[in-house]
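**Student:** Got a sequence here, can you model it:
(one chain, ligands or ions: 1)
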Amino acid sequence: MVSPHFSPFLNGSIEVVCGPMFSGKTEELIRRVRRAQIARQKVQIFKPAIDNRYHESDVVSHSSLTCEATPVSNAIEILQKLFDSTRVVAIDEVQFFDSSVLKVIGKLAKRGIRVICAGLDQDYTGAPFGPIPELLAMADRVDKIQAICTVCGSPASKTFRKPSDTKDQVLVGESDLYEARCRTHFDYEEEEKDQLAFSLLFKDQEQSQELR
Ligand SMILES: [Zn+2]
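**Tutor:** Numbers count the residues shown, from 1 in each chain. As a prediction, the model looks like this:
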């Protein structure tokens with residue numbers, strides 16, 4: 001059989017499913033994987049070895065949907081562990097990889113593979129997470145999905161980390177550590193300072209307009 005990697009009829013693509021914790025990113029990843037499997041396409045699922053919340057070699061969503069996944073300690077391992085027959089590569093928790101994952105994903109897509117990535121777009125401070133900004137830029141399709149704010153029930157785009165002693169960006173945990181929050185109820189400290197600076201700036205502008 002001719003290697004599918006060089007078939008002119010196979011178009012690679014990059015899809016990203018992102019959003020805060022508890023938004024159903026992994027469920028969506030698993031849904032897409034299942035559909036590809038129904039279409040009899042060979043799928044391989046990878047996840048960073050750091051995320052061993054539930055099971056070493058499973059991708060598990062919060063609603064406990066599962067899929068078998070290969071844990072990798074870096075992005076290059078994805079290429080090393082790839083089978084020739086693989087048509088679809090799914091990568092969960094993609095935010096935990098360093099920027100080399102961008103090259104790997106680009107390579108896979110160029111080989112005609114459909115790459116489906118899921119991950120957090122922002123960390124607990126609201127800052128873009130790891131390789132996500134570039135990944136969103138190079139993707140063919142991006143779906144930002146929302147969770148529900150635990151305070152008011154509005155759609156939530158932020159992941160709030162409950163007060164703790166550590167300032168590490170990565171602190172793997174669950175609802176014991178994190179909550180989905182809307183913009184109003186995402187009161188990360190630095191953000192409050194920014195808002196204050198913004199309101200002062202706004203006041204200045206108002207005053208200078210009044211002077212005119
Ligand atoms: Zn809210």
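**Student:** C-alpha from now on. contacts and neighbour counts both.
**Tutor:** Fine.
**Student:** ok, which stretches of this structure are helices?
**Tutor:** 25-38, 76-80, 100-110, 132-138, 189-211 (DSSP state H).
**Student:** So what does Phe186 look like in phi/psi?
**Tutor:** The phi/psi pair for Phe186 (degrees, to the nearest 10) reads phi -100, psi 90.
**Student:** how far away is the nearest residue in space to it that is not next to it in sequence from Lys81?
**Tutor:** Nearest non-adjacent residue to Phe186, counting by CA to CA, 6 or more residues apart in numbering: Phe160, 6.1 Å away. Here the criterion is CA to CA, to the nearest Å. By it, Phe160 lies 35 Å from Lys81.
**Student:** Lowest average confidence across helices and strands of this structure, where is it?
**Tutor:** When each helix and strand of the chain is scored by mean pLDDT, DSSP states H and E, helix 189-211 comes last, with a mean of 53.
**Student:** which parts of the protein sit against the ion?
**Tutor:** 149, 151-152, 182, 185 (CA under 5 Å from the ion).
**Student:** Please check the residues you listed and keep the buried ones.
**Tutor:** 149, 182, 185 (16 or more other CA atoms under 10 Å).
**Student:** Now the last one. Its backbone dihedrals?
**Tutor:** This points to His185. Here is the backbone geometry of His185 (degrees, to the nearest 10): phi -100, psi 10.
**Student:** How about the contacts made by Cys182?
**Tutor:** Residues near Cys182 by CA atoms under 8 Å, 6 or more residues apart in numbering: 148-149, 154-158.
**Student:** rerun that using 7 Å as the cut-off
**Tutor:** Listed by CA atoms under 7 Å, 6 or more residues apart in numbering, the contact partners of Cys182 are 149, 154-158.
**Student:** Next: Gln122.
**Tutor:** Gln122 touches 128-129, counting by CA under 7 Å, 6+ apart.
**Student:** is it in a bridge, and if so with what?
**Tutor:** Applying DSSP bridges to Gln122 gives these bridge partners: Pro128.
**Student:** picking up where we left off before, compute the distance between the residue nearest to Phe186 and Glu174, please.
**Tutor:** Per CA to CA, Phe160 is found 11 Å from Glu174.
**Student:** With neighbour numbers in mind, choose between those two.
**Tutor:** A side-by-side neighbour count of Phe160 and Glu174, using other CA atoms under 10 Å, places Phe160 first with 24 against 13.
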